[in-house]
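*Asks:* build me a structure from this.
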Amino acid sequence: MTHDRSAARSPEGVAELLEIAASEALVIRHLTDCLEQLTQAHAAQRELSELTSAEVQDAVARRRTISVRGISA
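*Replies:* Numbers count the residues shown, from 1 in each chain. Modelled structure (predicted):
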């Protein structure tokens, strides 16, 4: 966007300003979704930190088995 006030008042400048202003709801929705994903990631990290090594190793082994089966299917 331009910083020159006279350019901002041109039809193109006004159109650009309207487009930016209209995008606010979409940007807020996107940020809200990102915050929810971040919150879920932190919750998963907390839960994972409470697992034993054996539980983590078992889960990793199961993921590998499923992955290999998916590739060969």
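*Asks:* which elements pack onto the longest helix along the chain?
*Replies:* Using DSSP state H, we find that the single longest helix of the chain is helix 24-49. If contacts are counted by 3 or more CB pairs under 8 Å, 6 or more residues apart in numbering; DSSP states H and E, helix 24-49 sits against no helix or strand. In short, each C-beta sits where N, CA and C put it, glycine included.
*Asks:* where's A59, which helix or strand?
*Replies:* For A59, the host element (DSSP states H and E) is helix 53-72.
*Asks:* quick one: average confidence on that helix?
*Replies:* On average, the pLDDT along helix 53-72 is 87.
*Asks:* again with stretch 29-46
*Replies:* 98.
*Asks:* R64: how many residues sit nearby?
*Replies:* Using other CB atoms under 10 Å, R64 is surrounded by 10 other residues.
*Asks:* what angle do the helix holding A59 and helix 24-49 make?
*Replies:* Interaxial angle, helix 53-72 versus helix 24-49 (axes from the mean of the first three to the mean of the last three CA atoms, to 10 degrees): 120 degrees.
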